[in-house]
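Enquirer: Give me a model of this one.
(chains A and B)
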There are 2 protein chains.
Amino acid sequence: MNAPLPSHAMPEVAIRPVPAAMLAALQARFGERCSTSAAIREQHGRDESPFPVTPPEVVVFCESTDDVVAVVQLADKHAVPVIPFGIGSSLEGHLLAVQGGVSIDVSRMTRVIRVNPEDLTVTVEAGVTREQVNAEIRDTGLFFPIDPGANASIGGMAATRASGTNAVRYGTMRENVLALTVVTAGGDVIRTGTRARKSSAGYDLTRLFVGSEGTLGVITEVTLKLYPLPEAVSAAICHFPTIAQAVQVTIQLTQIGVPIARCELLDVNAVRAVNKQSRLGLRESPMLLMEFHGSAASVKEQAETVQALATEAGGEDFEWASTPEERTRLWTARHKAYFAGMQTNPGCRSVTTDTCVPISRLAEIIEASIADADASGLPYYIVGHVGDGNFHLAYLVKEGDAAQRATAEAASERMVRRAIALEGTCTGEHGIGLHKMGFLVEEAGAGAIAQMRSVKRALDPKNIMNPGKIFVL
Amino acid sequence: MNAPLPSHAMPEVAIRPVPAAMLAALQARFGERCSTSAAIREQHGRDESPFPVTPPEVVVFCESTDDVVAVVQLADKHAVPVIPFGIGSSLEGHLLAVQGGVSIDVSRMTRVIRVNPEDLTVTVEAGVTREQVNAEIRDTGLFFPIDPGANASIGGMAATRASGTNAVRYGTMRENVLALTVVTAGGDVIRTGTRARKSSAGYDLTRLFVGSEGTLGVITEVTLKLYPLPEAVSAAICHFPTIAQAVQVTIQLTQIGVPIARCELLDVNAVRAVNKQSRLGLRESPMLLMEFHGSAASVKEQAETVQALATEAGGEDFEWASTPEERTRLWTARHKAYFAGMQTNPGCRSVTTDTCVPISRLAEIIEASIADADASGLPYYIVGHVGDGNFHLAYLVKEGDAAQRATAEAASERMVRRAIALEGTCTGEHGIGLHKMGFLVEEAGAGAIAQMRSVKRALDPKNIMNPGKIFVL
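Expert: Below you'll find the predicted structure:
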């Protein structure tokens, strides 16, 4: 096996400058939508990862697939990197211009192109956010379930194979993207699928681009599966004396196949943080936050099953939130856990882990990781999409404090090694980016990485598509 | 757009002979498991497609991944084609040795490597059939739902991205393969995923190999998702005066999100054929054959919803089959529809279509295709996984009758054009093989095909992995 890179190293690669001729061509075509201002460049050279700001040379605000084609064709001609940018919510350094180049900002590509409620599909431009999707289809009786917390762009969610709180029931972007429009590295526009629910027509380009983190092409349009709004929804919270008990209930309900829609774990630190930020008054002990979707009878049945499991496992205070307002309050708090956690330690950055393991190994890895985190002396909190075996332990480190950062990264590395040993993955939903390149080698093995690199070289021979992410060529 | 190839042409490409040195090396390693007998070669040069028998030069019966590596390394050295062979149930000519070479028979690779009931996963060798999977896990309370009708090998099902009767509820092989062991074109062994339910770790090699039809590597092991056996199962049949009414009910139940597990359409010809073969005594009119999975209450509720929809749409004789024996009888009959259809016209071959469209367009394409089929004068029957928008219209043509074959192929081409115009696909689950290469170009477009070809060339530079399938390089 190759010796993995340290997970937190910024790879040392040369900047590839934007030639004057290319800059002039961009300015001629895009006018004010082409910016080299320091503020705009800085804003596009950072994300929610703990890496230092690494700005692109130029930012272009694209408003259509044709705009993206124009940028990519110039980039191809001049062998200059391009980096697609949605809303900047990456946690792994995807957006940083480690080799310079042009940031292609798609946040103005916000058209909902077609809603087909009769087929349960919608096609949107890459800059549409998940909240906008749901706002625009509100009248159809349908919804788009994938919910990574942040109000991310659909293009970014596709690019990182995102998932989040509803994945245990509805799957991830892997299962919910039917087709993509992609601008290839050569500047061609391709469509990767149809609106049929399934197909055996050739290589699955859709799933090749989903999760490719901008390294194979720029996603400009996405066709998504939608779902009928459930007839009934109810949410519940349940507190547990120990985190192990909460995890045990999750394992059991997954194994018996309760079709729970959301099953989120918060450790005591996360509960404290959201209490403080959102004034929820939750009891400060480990808890599960759950949601059930279905017919009224089915929701009742699911909830009773889970309540029985929870009670048997030592759960306390099973509390229901049946009104939409109460549910919204709870889920808003959950979604704010990331910022709530950050606010408990002002001036800090988050080193967030993202391991995902087979469900039976979840208690084991969480317990070992907590022991490690407690020993580190750093503040941390845990939230998890535990129904999938996925959880995030976020270390809060002082910005610029190299020693704290190193402590957190070392603990993160140990956690990833544990996950791999338990037949899991270093990233359930955040992607590799800059942060996990070494982990990917360790997880996938040299042979699989060689296949990935061959695909990358074949589809992007000049290495202009978000270079230096996933692996350094 | 490129002019598509005629769908039914055998591509004219040269045979690449197996050199004497390679044959000697295979015989030295495999002894009697390496065969050049005419009978064995013929058996490996045909499938259920209407193409003429096209035997490989050599057949090697592999018993392990190491065996496959040995064959592929020799094939790589001598630039000779290899064709993975499971049980031979392809409908699209995948197994025919159009460029000669070695058939790698994996049907003796039947080990169930690991059952992990606590994680709802199983890992099997490629030659294990879907019925064997379910037999081996019977005691765990779990099952593997994907059911393409034929008792296909899991390796073959992964290679063609198969689905079948349960896909409307449980998804296809695309959604249900967690990881693969693959022998690459260079003879390396890679593992494409972990046992975690989701991952964002690099390119999705699993889904690149799923559906690649043996053209990128040889699948030797497959890790599958399993599901808890439903607490309650019931099946029902419902007859309709017209096929349009049956399809309308399907569209409605899909749109409102009834979690039906199976929803199969049989036209009157298919009903007649299964009646004749299995002595079922079904009324000879279009019918839906449905199955409901869930808790007792949920199954009852689903069934009531569907019964109400069916009655409103003119359905008659909603009949229940609640005992396992009755259900088995009905589903066995459904699975035999293919052979039953063939037996209504002894000495015939089947030209089977496989279009899949967005659900709202299903009635439209079925009605147009029936009109076309009626006008052709050929015997035909229709079965369909209609909950997915997928159906098969099988033309029965006399073996060797070129005029009948041409009539059927022309009708098939018109149907595929209809499907593509309706934003659907030429193949929902059978794959491209030899039969649909022209259709793939028309469906995916030149740009997407160029990306697929680049991937193929990158991962199989000598074009030894099942060459001449999906596209001719």
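
Enquirer: those helices in the stretch 301-450 of chain A, which residues are they?
Expert: Using DSSP state H, counting those that start in this stretch, the helices of the stretch 301-450 of chain A run over A:324-335, A:337-344, A:362-376, A:402-421, A:437-459.

Enquirer: do you know which of those lies nearest chain B?
Expert: helix A:437-459 (3.4 Å; Cβ to the nearest Cβ). For glycine as for every other residue, the C-beta is placed from the backbone atoms N, C-alpha and C.

Enquirer: Output the closest one as CSV - backbone C-alpha positions only.
Expert: This file holds the C-alpha atoms of helix A:437-459, laid out as CSV (Å, rounded to 0.1, in the frame of the first residue of the first chain):
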residue,chain,number,x,y,z
MET,A,437,-6.6,12.5,-0.2
GLY,A,438,-4.3,10.4,2.0
PHE,A,439,-7.3,8.7,3.6
LEU,A,440,-8.6,7.8,0.1
VAL,A,441,-5.4,6.0,-0.8
GLU,A,442,-5.6,4.0,2.4
GLU,A,443,-9.3,3.2,2.0
ALA,A,444,-9.5,2.4,-1.7
GLY,A,445,-6.0,0.9,-2.2
ALA,A,446,-3.5,1.6,-4.9
GLY,A,447,-5.3,-0.4,-7.6
ALA,A,448,-8.6,1.3,-7.3
ILE,A,449,-6.9,4.7,-7.2
ALA,A,450,-5.0,3.8,-10.4
GLN,A,451,-8.4,3.2,-12.1
MET,A,452,-9.7,6.6,-10.8
ARG,A,453,-6.6,8.3,-12.0
SER,A,454,-6.9,6.7,-15.5
VAL,A,455,-10.5,8.0,-15.7
LYS,A,456,-9.4,11.4,-14.7
ARG,A,457,-6.6,11.5,-17.2
ALA,A,458,-8.9,10.3,-20.0
LEU,A,459,-11.6,12.8,-19.4
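
Enquirer: would you list the helices of the stretch 301-450 of chain A in a markdown table and tack on mean neighbour count and distance to chain B?
Expert: Compiled in a markdown table, the helices of the stretch 301-450 of chain A are given as follows (neighbours: other Cβ atoms under 10 Å in any protein chain shown; distance: least, Cβ to the nearest Cβ, whole Å):
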| stretch | mean neighbour count | distance to chain B |
| --- | --- | --- |
| helix A:324-335 | 16 | 19 |
| helix A:337-344 | 20 | 17 |
| helix A:362-376 | 17 | 10 |
| helix A:402-421 | 18 | 8 |
| helix A:437-459 | 21 | 3 |
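
Enquirer: Dump those into JSON lines; add mean pLDDT as well.
Expert: Below are the helices of the stretch 301-450 of chain A laid out as JSON lines (pLDDT from 0 to 100):
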{"stretch": "helix A:324-335", "mean pLDDT": "86"}
{"stretch": "helix A:337-344", "mean pLDDT": "84"}
{"stretch": "helix A:362-376", "mean pLDDT": "96"}
{"stretch": "helix A:402-421", "mean pLDDT": "96"}
{"stretch": "helix A:437-459", "mean pLDDT": "97"}
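
Enquirer: Tell me which of those helices approaches residue B:45 most closely.
Expert: helix A:437-459 (29.6 Å; Cβ to Cβ).

Enquirer: And the closest one, what does it pack against?
Expert: If you count contacts as 3 or more Cβ pairs under 8 Å, 6 or more residues apart in numbering or on different chains; DSSP states H and E, helix A:437-459 packs onto helix A:402-421, strand B:189-191, helix B:205-209, helix B:437-459.

Enquirer: now that helix against helix A:402-421, angle please.
Expert: Relative orientation of helix A:437-459 and helix A:402-421, computed by axes from the mean of the first three to the mean of the last three Cα atoms, to 10 degrees: 70 degrees.

Enquirer: quick one on the thing from earlier: between the helices and strands packed on helix A:437-459, which one is closest to residue B:21.
Expert: Nearest to residue B:21, of the helices and strands packed on helix A:437-459 and by Cβ to Cβ, is strand B:189-191 at 24.1 Å.

Enquirer: State the mean pLDDT of the closest one.
Expert: What strand B:189-191 shows for mean pLDDT is 98.

Enquirer: cool, stretch A:247-260 as well?
Expert: Average pLDDT, stretch A:247-260: 92.

Enquirer: residues of it that come out buried?
Expert: Residues A:247-255, A:257-260 are the ones in stretch A:247-260 that count as buried (16 or more other Cβ atoms under 10 Å in any protein chain shown).

Enquirer: of those, closest to residue A:114?
Expert: residue A:259 (29.6 Å).

Enquirer: can you tell me which residues contact that closest one?
Expert: A:169, A:293, A:294, A:298, A:302 (Cβ atoms under 8 Å, 6 or more residues apart in numbering or on different chains).

Enquirer: Assumed it was part of a strand.
Expert: No - in this structure, residue A:259 is coil, not part of a strand, as judged by DSSP: H, G, I helix; E, B strand; the rest coil.

Enquirer: Got phi/psi on it?
Expert: Backbone dihedrals for residue A:259, given as degrees, to the nearest 10, come out at phi -80, psi 50.

Enquirer: ditto for residue A:223
Expert: Per-residue torsions, residue A:223: phi -100, psi 120 (degrees, to the nearest 10).

Enquirer: Residue A:281 is in contact with residue A:271, isn't it?
Expert: No - with contact defined as Cβ atoms under 8 Å, residue A:281 does not count as touching residue A:271 (10.5 Å).

Enquirer: higher neighbour count, those two?
Expert: Set residue A:281 next to residue A:271 and count neighbours by other Cβ atoms under 10 Å in any protein chain shown: residue A:271 wins out with 25 against 7.

Enquirer: contacting residues for residue A:214?
Expert: Contacts of residue A:214 by Cβ under 8 Å, 6+ apart are A:83, A:84, A:94, A:159, A:465, A:466, A:469.

Enquirer: I'd like the secondary structure assignment at the residue lying closest to residue A:166 once chain neighbours are set aside, please.
Expert: In space, and not counting its chain neighbours, residue A:166 is closest to residue A:145: 4.1 Å by Cβ to Cβ, 6 or more residues apart in numbering or on different chains. At residue A:145 the chain is in coil, as set by three-state DSSP.

Enquirer: Chain B versus residue A:145, what's the distance?
Expert: Distance, residue A:145 to chain B, by Cβ to the nearest Cβ, to the nearest Å: 12 Å.

Enquirer: Switch the helices of the stretch 301-450 of chain A over to TSV; also include distance to residue B:192.
Expert: Shown next, in TSV, are the helices of the stretch 301-450 of chain A (distance: least, Cβ to Cβ, whole Å):
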stretch	distance to residue B:192
helix A:324-335	33
helix A:337-344	31
helix A:362-376	22
helix A:402-421	15
helix A:437-459	6
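
Enquirer: quick revisit: mind listing which of the contacts of residue A:259 are in strands?
Expert: When the contacts of residue A:259 are checked against strands (DSSP state E), the matches are A:293, A:294.

Enquirer: tell me which element residue A:289 is part of?
Expert: strand A:287-294 (DSSP states H and E).

Enquirer: Same check on residue A:103?
Expert: Residue-wise, residue A:103 maps onto strand A:102-105 under DSSP H and E.

Enquirer: Now do the domain split for chain A, please.
Expert: A:112-228, A:232-421 (automatic domain parsing).

Enquirer: Would you format these as TSV with distance to residue B:430 included?
Expert: TSV is the format used below for those (distance: least, Cβ to Cβ, whole Å):
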stretch	distance to residue B:430
domain A:112-228	6
domain A:232-421	30
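
Enquirer: relative to helix A:324-335, how tilted is the strand holding residue A:289?
Expert: Using the same axes, to 10 degrees, strand A:287-294 lies at 130 degrees relative to helix A:324-335.
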